[in-house]
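Asker: fold the stuff below for me.
(one chain, ligands or ions: 1)
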Amino acid sequence: MRLILLGPPGAGKGTQAVRLVAAHGIVQLSTGDMLRAAVASETEVGLRVKDVLAHGELVSDELICSIISDRIDQADCAKGFILDGFPRTIAQADALGELLEKKGQRLDAVVQLKVDEGILLERIETRARESAEIRSDDNAESLNKRLAVYNEQTAPLIKYYSERNILMSVDGMKSVDEVASKIDTILSTV
Ligand code: ADP
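Answerer: Just a heads-up that it's a prediction; the model follows:
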């Protein structure tokens, strides 16, 4: 199964992805996690994207697409994957479509987590306080930037995938278990 989880920062994509991984034996490809790992280990890519991440801006479409393309080719993705944090722009969605076609693969579903923006800020602030991981972008300024970038660049993907009849929407304001069971119901139909 090949899925995209779509939704703003704090919508619960990561939480749901972890559950889906356990339930379906597929891997989670979180571009945010991959980039943070690159920053932490000071790879060439990491050094290049460090400031971009800290400011809540997007790294280039070209860079992120090449990271994803290479990652999908690895053996553990053979049974499928969940894209979490990618694609984030129309250009990335186009590039993903092309690269999957070249690899002879197709997406099964795009699951949109719908959330209330006011509550998102609270959720992310709580996550920032409670998490052991210190994220350079979990401060008020970068948070607002990430939400603005989402609304400008990523939200248009809802229409994009809806026009391709592949979008499924779930109310992301429900409890983690309720959201998970809605997603399972949806996935049983694809
Ligand atoms: P969030 O919790 O805000 O959804 P992520 O953990 O998914 O954030 O990503 C953190 C940061 O990594 C983003 O703000 C951006 O700088 C970078 N990033 C992640 N995925 C992408 C992508 N697909 N395209 C460009 N930049 C990305």
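Asker: quick one: list the elements packing against the helix or strand bottoming out on mean pLDDT in the chain.
Answerer: Of all regular secondary-structure elements in the chain, judged by mean pLDDT, DSSP states H and E, the least confident is helix 117-130 with a mean of 84. In terms of contact count using 3 or more CB pairs under 8 Å, 6 or more residues apart in numbering; DSSP states H and E, helix 117-130 is assigned the packing partners helix 140-149. For glycine as for every other residue, the C-beta is placed from the backbone atoms N, C-alpha and C.
Asker: toward the C-terminus, what is the element adjacent to the helix it packs on?
Answerer: Downstream of helix 140-149, the next assigned helix or strand under DSSP states H and E is helix 156-163.
Asker: using PDB, write out every CA atom in that following helix.
Answerer: Backbone C-alpha positions of helix 156-163 (Å, rounded to 0.1, in the frame of the first residue of the first chain) are rendered in PDB as follows:
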ATOM      1  CA  PRO A 156      -3.600  23.400  -2.800                       C
ATOM      2  CA  LEU A 157      -2.800  19.700  -2.900                       C
ATOM      3  CA  ILE A 158      -6.200  19.000  -1.400                       C
ATOM      4  CA  LYS A 159      -7.800  20.100  -4.600                       C
ATOM      5  CA  TYR A 160      -5.000  18.500  -6.700                       C
ATOM      6  CA  TYR A 161      -5.700  15.000  -5.300                       C
ATOM      7  CA  SER A 162      -9.400  15.500  -5.100                       C
ATOM      8  CA  GLU A 163      -9.500  16.200  -8.800                       C
END
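Asker: ok now whatever helix or strand comes next after it, how far from the chain's centre?
Answerer: The element immediately downstream of helix 156-163 (helix or strand, assigned by DSSP H and E) is strand 167-171. The gap between where strand 167-171 is centred and where its chain is centred comes out at 15 Å by CA atoms, centre = their mean, to the nearest Å.
Asker: surely Q112 is within a strand?
Answerer: Yes - the assignment for Q112 (DSSP: H, G, I helix; E, B strand; the rest coil) places it in a strand.
Asker: could you tell me how many residues sit around it?
Answerer: Q112 is surrounded by 21 other residues when neighbours are defined as other CB atoms under 10 Å.
Asker: show me the beta-bridge partners of it.
Answerer: In this structure, Q112 has the following beta-bridge partners (DSSP bridges): L6, S169.
Asker: against the ligand, how distant is it?
Answerer: According to CB to the nearest ligand atom, to the nearest Å, Q112 stands 14 Å off from the ligand.
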